[in-house]
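Chemist: Task: produce atomic coordinates for the following.
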Amino acid sequence: MGARQTKSPEAVARKEALVREMLDRVGDKWTLLVIEELGSGGEMRFTRLRDRIGGVSQKMLTKTLRELERDGLVIRTVHPVVPPRVEYRLTKLGEALGEAVCGVWTWVENHLQDVEQARQVYDRKHVREMGGPAGEG
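Modeler: Reported below is the predicted structural model:
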């Protein structure tokens, strides 16, 4: 971390707002998958990206890509051919975000079984206490 600097309340508010927005963005269902695929596969067409992600609708992938493009994380290139060919790739900013959140993937890979076990223990305990499946009562 850098040296602490005195910031205006407006600058702090803008920074906090962007942090919340970026957490919302990477926390949605598709953004990290899009960043991961473009990060590992490089520039690709919409259909190939959709096929590699799997399970995402055309509407949701379009919405996700537009949001990423607006944030400067993805570049959309339209090639002047018939039919039009559109390709997407990460910007340097998108690559940096991908690197920043890569730690979450690593953490999940390292702790998947631990979290699943903790959930099972919790669910068994709460089923007994509540007399039914967790969440009922």
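Chemist: and G72, what element?
Modeler: Using DSSP states H and E, no element contains G72; it sits outside every helix and strand.
Chemist: Check whether the nearest residue to E43 once chain neighbours are set aside sits in a helix, strand or coil.
Modeler: Leaving aside its chain neighbours, E43 sits nearest to R89 (3.9 Å; criterion: CB to CB, 6 or more residues apart in numbering). Every C-beta, even on glycine, is put in place using the N, C-alpha and C of the backbone. Under DSSP: H, G, I helix; E, B strand; the rest coil, R89 falls in the strand class.
Chemist: quick one: the helices in this protein?
Modeler: With DSSP state H as the criterion, the chain has helices at 9-27, 31-41, 46-53, 58-70, 92-130.
Chemist: Buried ones in the fourth one, by neighbour count?
Modeler: Within helix 58-70, the residues that qualify as buried are L61, T64, L65, E67, L68, counting by 16 or more other CB atoms under 10 Å.
Chemist: hang on, E95 packs against G39?
Modeler: Yes. If you go by CB atoms under 8 Å, E95 and G39 touch, sitting 6.5 Å apart.
Chemist: circling back: which of the helices of the chain is buried the deepest?
Modeler: Among the helices of the chain, ranked by average contacts under mean count of other CB atoms under 10 Å, first place goes to helix 31-41 (a mean of 19).
Chemist: which regions of the protein sit below the pLDDT cut-off?
Modeler: 1-6, 131-137 (pLDDT under 70).
Chemist: Just confirm the residue nearest to E43 contacts S40, I think it does.
Modeler: No. Using CB under 8 Å, R89 is not in contact with S40, being 11.9 Å away.
Chemist: what comes into contact with stretch 75-93?
Modeler: 35, 38-39, 42-46, 49, 65, 69, 71-74, 98 (CB atoms under 8 Å, 6 or more residues apart in numbering).
Chemist: So which of those is the closest to H126?
Modeler: Checking the contacts of stretch 75-93 against H126 with CB to CB, the nearest one is I35 at 35.3 Å.
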